[in-house]
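Visitor: this one's sequence-less:
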DNA sequence: CAAAAACTTGACGTATTGGTCAGGATATGA
DNA sequence: TCATATCCTGACCAATACGTCAAGTTTTTG
């Protein structure tokens, strides 16, 4: 579980090599984990994809789990950032549109991170810490309150904020996690900029035009 | 890949034992695969969950992949059945509402099948046959045409049918695949009948009330 | 220019995996 | 009852997995 940390690294004069190699490992790992899950991904595969010998991977990360949990931490940051668009000071149309935009852009440019997280959720989030779950819960609750505020102010129609958020999350996520299903549906080989733009337009059309009072 | 089939079974006087054991194996397997993916699931785990010795599992299924592909076949049938609600002879409100209902009910009662399929999609659908992909494509295209028909008839607002379908699929799927995220969002331990009903109501509210002309 | 710290790596060790197999148990049917 | 087809299973095997380690090389630092 824990294992000993790579080195003490008290002086840390120059961490560039470390940073670069860790980045390479994490980048390879997130792609592999996102496709084959925790158990399905072999450390030797990560090593090969990172162009490092396997033993070198173990110099930077004590265990496979250490790589995995580091990635969870990173992905959760992205989750937070996107949600920050939903801010009480903004107008609903502006804020929700920005959120949809941010999430779809993330789905397009960071598809493997998105799939990685989806994979972890399918597992039931067993690798997430209590603290991380609590954080997710709190940050979601905050956004629910923002939407409730908008509803109170008559800026949005009366709708269940939880399910509303879930709907946004599910739909935007879909284009990353199940991009091949989306591609099949759209009769394209792969999703391109045009498809993401159409997705955005349709989503905004359906969601915003119905949930905001002034059409 | 292929392996030899369990037995020739030409006479087949009584297949009840075979059927019962295969069912037990498949039931255990779909739950395990849905959580840990193909590589993450061990045949010994499937055997233990099925209360059979491992060698007996191999009597019924030649390889792990054989179990997996059988499950894909089964899940795709469910996919078809739900989509049949979207039928040109029905009124959009009725049909779409029935589809949402069917999908959410499936998410509630067959969560592991749903997660299993999600897992396979995350992998990029590598275990699906060309034929199966083609079938998915065709059946989706049919439903797109139905919606296009409704739009032509003025029964629905002008909206991209592909992205509209994706939205429905993504949202309903979410409650099965990421039920724990949904639970966190809803501040419940687990999703119950009440949550599914609220999900249905919210979805219908957002989707139908905006996409059908007469409010 | 040493000495120390940081980094690299081929060669293991132990545990587990998917899958095999030979031989036995059980059921069917004439 | 006996022959045949079906069903069951403990023991086994080769391959491979994660993780270790000792013996390096390279870089930093005093």
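Guide: Looks like it came in fine. Here the structure is a predicted model, which means the values were calculated and not measured.

Visitor: which residue packs closest to residue A:61, ignoring adjacent ones?
Guide: Leaving aside its sequence neighbours, residue A:61 sits nearest to residue A:67 (C-beta to C-beta, 6 or more residues apart in numbering or on different chains; 4.8 Å). (Glycine included, C-beta is placed from N, CA and C.)

Visitor: show me what the one helix or strand that neighbour maps to is packed against.
Guide: Using DSSP states H and E, residue A:67 falls within helix A:64-83. Here helix A:64-83 touches helix A:16-40, helix A:92-109, helix A:111-122, helix A:130-152, going by 3 or more C-beta pairs under 8 Å, 6 or more residues apart in numbering or on different chains; DSSP states H and E.

Visitor: can you tell me the SS state at residue A:155?
Guide: coil (DSSP: H, G, I helix; E, B strand; the rest coil).

Visitor: surely it and residue A:212 touch.
Guide: Yes - the pair residue A:155 / residue A:212 is scored as a contact, 7.1 Å apart, by C-beta atoms under 8 Å.

Visitor: joint contacts of these two?
Guide: Counting by C-beta atoms under 8 Å, 6 or more residues apart in numbering or on different chains, the residues touching both residue A:155 and residue A:212 are residue A:92.

Visitor: okay, now residue A:97: neighbour count?
Guide: Residue A:97 sits with 18 neighbouring residues when counted by other C-beta atoms under 10 Å in any protein chain shown.

Visitor: now do the same contact list for residue A:121.
Guide: Contact analysis of residue A:121 by C-beta under 8 Å, 6+ apart lists B:177-178, B:180-181.

Visitor: and the gap between it and DNA strand D?
Guide: Distance check for residue A:121 against DNA strand D: by C-beta to the nearest atom of the strand, to the nearest Å, it reads 21 Å.

Visitor: any idea which of the helices and strands packed on helix A:64-83 gets closest to DNA strand C?
Guide: Closest to DNA strand C of the helices and strands packed on helix A:64-83 is helix A:16-40 (C-beta to the nearest atom of the strand; 3.8 Å).

Visitor: one step back: now intersect the contacts of residue A:121 with the helices, please.
Guide: Using DSSP state H, the subset of the contacts of residue A:121 located in helices is B:177, B:180-181.

Visitor: okay, now the domains of chain A?
Guide: Structural domains assigned to chain A are A:16-62, A:69-211, following automatic domain parsing.

Visitor: mean pLDDT and distance to residue B:203 added to these, as a markdown table?
Guide: Formatted as a markdown table, the domains of chain A follow (pLDDT from 0 to 100; distance: least, C-beta to C-beta, whole Å):
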| stretch | mean pLDDT | distance to residue B:203 |
| --- | --- | --- |
| domain A:16-62 | 95 | 28 |
| domain A:69-211 | 94 | 7 |
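
Visitor: list the buried residues of the helix or strand hosting residue A:204.
Guide: Secondary structure assignment for residue A:204, by DSSP H and E: helix A:193-211. Buried residues in helix A:193-211, counted by 16 or more other C-beta atoms under 10 Å in any protein chain shown: A:195-196, A:199-200, A:202-203, A:205-208, A:210-211.

Visitor: what about the closest residue in space to residue A:107 that isn't next to it in sequence, neighbour count?
Guide: In space, and not counting its chain neighbours, residue A:107 is closest to residue A:176: 3.5 Å by C-beta to C-beta, 6+ apart. Using other C-beta under 10 Å, residue A:176 has 25 other residues around it.

Visitor: again with residue A:84
Guide: Residue A:84: 14 surrounding residues under other C-beta under 10 Å.

Visitor: what's it sitting at in phi/psi?
Guide: Here is the backbone geometry of residue A:84 (degrees, to the nearest 10): phi -60, psi -20.

Visitor: measure it to residue A:65 for me?
Guide: Using C-beta to C-beta, to the nearest Å, one gets 29 Å for the distance from residue A:84 to residue A:65.

Visitor: swap in residue A:25?
Guide: From residue A:25 across to residue A:65, the span is 14 Å (C-beta to C-beta).

Visitor: of these two, who's got more company?
Guide: residue A:25 (22 against 14).

Visitor: correct me, but that one touches residue A:58?
Guide: No - using C-beta under 8 Å, residue A:25 is not in contact with residue A:58, being 10.3 Å away.

Visitor: give me the neighbour count for residue A:101.
Guide: The burial count for residue A:101: 17, using other C-beta under 10 Å.

Visitor: does it really touch residue A:200, like I thought?
Guide: Yes - between residue A:101 and residue A:200 there is a contact at 6.3 Å, judged by C-beta under 8 Å.

Visitor: mind listing what the residue most central in space within chain A touches?
Guide: Chain A has residue A:114 as the residue nearest its centroid, 4.3 Å off, counting by C-alpha atoms, centre = their mean. Residues counted as contacts of residue A:114 (C-beta under 8 Å, 6+ apart) are A:34, A:106-107, A:173, A:176-177.

Visitor: what's the farthest-apart pair in those residues?
Guide: The span of the contacts of residue A:114, defined through C-beta to C-beta, is set by A:34 and A:106 at 13.7 Å.

Visitor: who touches stretch A:125-143?
Guide: Residues outside stretch A:125-143 that contact it (C-beta under 8 Å, 6+ apart) are A:38, A:65, A:68-69, A:72-73, A:76, A:79-80, A:83, A:86, A:120, A:161, A:165, B:180-181, B:184-185, B:187.

Visitor: what subset of the residues you listed is buried?
Guide: A:38, A:68-69, A:72, A:76, A:79, A:83, A:86, A:120, A:161, A:165, B:180-181, B:184-185.

Visitor: for DNA strand D, state which of those residues is nearest.
Guide: Distances from DNA strand D to the buried ones among the contacts of stretch A:125-143, taken by C-beta to the nearest atom of the strand, are shortest for residue A:38, at 8.8 Å.

Visitor: quick check: that closest one touching residue A:72?
Guide: No - the criterion here is C-beta under 8 Å, and residue A:38 misses it with residue A:72 at 10.7 Å.

Visitor: residue in chain A nearest to DNA strand C?
Guide: residue A:55 (2.7 Å).

Visitor: now that residue: how far from residue A:19?
Guide: On the measure of C-beta to C-beta, residue A:55 and residue A:19 end up 19 Å apart.
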